[in-house]
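>>> Sequence first, predicted coordinates after that:
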Protein chains: 2
Amino acid sequence: MEKETGGRGVVLVSGGMDSAVTAALAREECNFLAFLHIRYGGRTQECEQRAFLALVERLFPDRFLLTDCPSLRDIGGSALTDRTIDIPEGSLDREGIPVTYVPFRNAHFLSVAVSWAEVLSCNRIYIGAVEEDSSGYPDCRRVFYDAFEQAARLGTASAGSSLTIRTPVIRMDKAQIVREGARLRVPFDHTWSCYRDGDKACGRCDSCLLRLRGFARAGIPDPLKYEIGSTWSHK
Amino acid sequence: MEKETGGRGVVLVSGGMDSAVTAALAREECNFLAFLHIRYGGRTQECEQRAFLALVERLFPDRFLLTDCPSLRDIGGSALTDRTIDIPEGSLDREGIPVTYVPFRNAHFLSVAVSWAEVLSCNRIYIGAVEEDSSGYPDCRRVFYDAFEQAARLGTASAGSSLTIRTPVIRMDKAQIVREGARLRVPFDHTWSCYRDGDKACGRCDSCLLRLRGFARAGIPDPLKYEIGSTWSHK
């Protein structure tokens, strides 16, 4: 399939591996690219911001913006924004929606992206949500993005029917994302996936486990430093 | 029609007359009520916050929250968030979407409300948007709220199909809103509608003109103090 090129895109870049690969894919499709990073008072805010700026340096978007959604911490209700709730670890087999779910978080992020897209005359929003091999978050499902896209078309002045919300990695599993990132020379060593802050990723939280499993299954070494040896590379 | 009662509602209360009447209507329908006020770096932030707190004092919700959306000012693109763009005045006859439109603003507000509703186990969001007699903002139309409601149902963990976004004044003109507020004893003297900050409302911006015309048509005096004599009361 031939690549669709020439669009103007706003990319939500958290600094994790999924958004880094999404940003690299958006670069192939757009001739104007704006990277958006949103601090929301999460535990890993500084690590993610550092990863975002490293990606800006290496993927050179036309514009970038760091901004804030403090209401998510004011509201709480998640292990990522409330330090009294422990980060679960050690297993990917739990049922249901995990305590790391931040209530309706991605709607906040999309709202900021759509507002900025209006000002920059962009017609594409990119977000690195993963549905298939994810943690079970409701706001990472394509049905949600379809509905939000419709709301954005109806609730904006200029976008009209041309606005699309693109989720290029949503159907990929983590191994596919790793391979796609390797093809695009994504600097994985400058991404941050861990739910904890620190100099090294913990290697034990769900997000580290998903990442490590993805690299192991792709047969590509993860260049990131972990506190503990990778669980998956020894299996 | 009998009133539907017993719901749990989060009400977006800006401090303007439309949201004050919406809040009073929500009080009739809910047995748990939470008022949400969002500062977004607009020119009238202090006036609106003062109005919100006065409404909290007088309508006594079970919970209230003041929080922030600073990204709207970081993004700009509106006379309400960018002081280099002048507030238009003197006429309600202009065509198109006015420069006071804040790009996709109400999506930000709804996102915060939905997140808080998840934490509080509320199933209703109230917003005082007005479509019929409004300034032509795309995010004040019911089609937008229908689409956003669908996104909220799909993007949240607990809400499911029971979540509704309620816009009880959306089809009313300003005169009807004034009459409804009078019936509900809404303290209009503690609301703030003006697009400018100050001790008194300017009486010249679109928002003041819409309000004054509404009170004049309802045949009810506006208890608010204005810098200049009301245009409408002398007609």
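Now that the structure is in, tell me what you want to look at.
>>> Quick one: the helices in chain A, in order.
For chain A, the helices defined by DSSP state H cover A:17-29, A:45-59, A:71-75, A:105-120, A:142-155, A:174-183, A:206-218.
>>> ok, now which ones touch A:L120?
Applying Cβ atoms under 8 Å, 6 or more residues apart in numbering or on different chains, one finds that A:L120 lies in contact with A:R8, A:V10, A:F32, A:A34, A:R63. Bear in mind the C-beta positions are built from the backbone N, C-alpha and C, glycine included.
>>> Out of the helices of chain A, which is closest to B:I228?
Closest approach to B:I228 among the helices of chain A (Cβ to Cβ): helix A:105-120, 33.1 Å.
>>> Count the neighbours of A:D173 for me.
By other Cβ atoms under 10 Å in any protein chain shown, 17 other residues sit near A:D173.
>>> A:G96: what's its closest spatial neighbour, skipping adjacent residues?
Of all residues not flanking A:G96 in the chain, A:G136 sits nearest, at 6.9 Å (Cβ to Cβ, 6 or more residues apart in numbering or on different chains).
>>> these two touch, right, the one you found and A:T100?
No. The criterion here is Cβ atoms under 8 Å, and A:G136 misses it with A:T100 at 9.9 Å.
>>> neighbour count winner among the two?
Neighbours were tallied for A:G136 and for A:T100 using other Cβ under 10 Å; the higher tally belongs to A:T100 (21 against 16).
>>> Could you check how far the nearest residue to A:M17 once chain neighbours are set aside is from B:Y195?
Leaving out its chain neighbours, the residue that sits closest to A:M17 by Cβ to Cβ, 6+ apart is A:T191, at 4.7 Å. Using Cβ to Cβ, to the nearest Å, we find A:T191 at a distance of 43 Å from B:Y195.
>>> what about these two, which has more around it?
A:T191 (28 against 22).
>>> quick one, what contacts that one?
A:T191 is in contact with A:G15, A:G16, A:M17, A:A20, A:A51, A:L55, A:L224, counting by Cβ under 8 Å, 6+ apart.
>>> Counting neighbours, which of the residues you listed comes out on top?
Going by other Cβ under 10 Å, A:A20 tops the contacts of A:T191 with 30 neighbours.
>>> mind checking how far that residue is from B:Q45?
36 Å.
>>> try A:N106
A:N106 is 27 Å from B:Q45, where distance means Cβ to Cβ.
>>> These two: which has the busier surroundings?
Just comparing A:N106 and B:Q45: by other Cβ under 10 Å the higher neighbour count belongs to A:N106, 22 against 18.
>>> Tell me the confidence at that one?
Model confidence at A:N106, given as pLDDT, is 95.
>>> For it, which non-adjacent residue is closest in space?
By the measure of Cβ to Cβ, 6+ apart, the closest residue to A:N106 outside its immediate chain neighbours is A:D139, 4.0 Å from it.
>>> remind me which residues of chain A are low pLDDT?
Where chain A drops to pLDDT under 70, the residues are A:1-5, A:91, A:93-94, A:133-135, A:159-160, A:229-235.
>>> A:P70: how many residues sit nearby?
Neighbours of A:P70 under the rule other Cβ under 10 Å: 15.
>>> quick one: contacts for it?
Contacts here follow Cβ under 8 Å, 6+ apart; on that basis A:P70 touches A:Y40, A:G41, B:T67, B:D68, B:P70.
>>> which ones are touching the first one?
Residues in contact with A:Y40, defined by Cβ under 8 Å, 6+ apart, are A:D68, A:C69, A:P70, A:L72, A:R73, A:T81, A:V102, A:R105, A:H108.
>>> Could you identify the most distant pair in those?
Greatest spacing in the contacts of A:Y40, by Cβ to Cβ: A:D68 and A:V102 (14.4 Å).
>>> Comparing those two, which shows the higher neighbour count?
Legend: neighbour count by other Cβ under 10 Å for A:D68 and A:V102, higher for A:V102 (25 against 19).
>>> Any figure for the gap between the residue lying closest to that one once chain neighbours are set aside and A:S111?
Leaving aside its sequence neighbours, A:V102 sits nearest to A:S78 (Cβ to Cβ, 6+ apart; 4.2 Å). Going from A:S78 to A:S111 by Cβ to Cβ gives 18 Å.
>>> So which of those two has more stuff around it?
Neighbour comparison, A:S78 and A:S111: the larger count goes to A:S111, with 29 against 22 (by other Cβ under 10 Å).
>>> hang on, that one packs against B:A107?
Yes. Using Cβ under 8 Å, A:S111 is in contact with B:A107, at 4.2 Å.
>>> picking up where we left off before, so which of the contacts of A:T191 comes closest to chain B?
Nearest to chain B among the contacts of A:T191: A:G15, at 17.3 Å, using Cβ to the nearest Cβ.
>>> Just checking: what are the partner strands of whichever strand in chain A runs longest?
Taking DSSP state E as the criterion, chain A has its longest strand at strand A:30-39. With DSSP bridges as the test, strand A:30-39 is paired with strand A:7-12 (parallel), strand A:63-68 (parallel).
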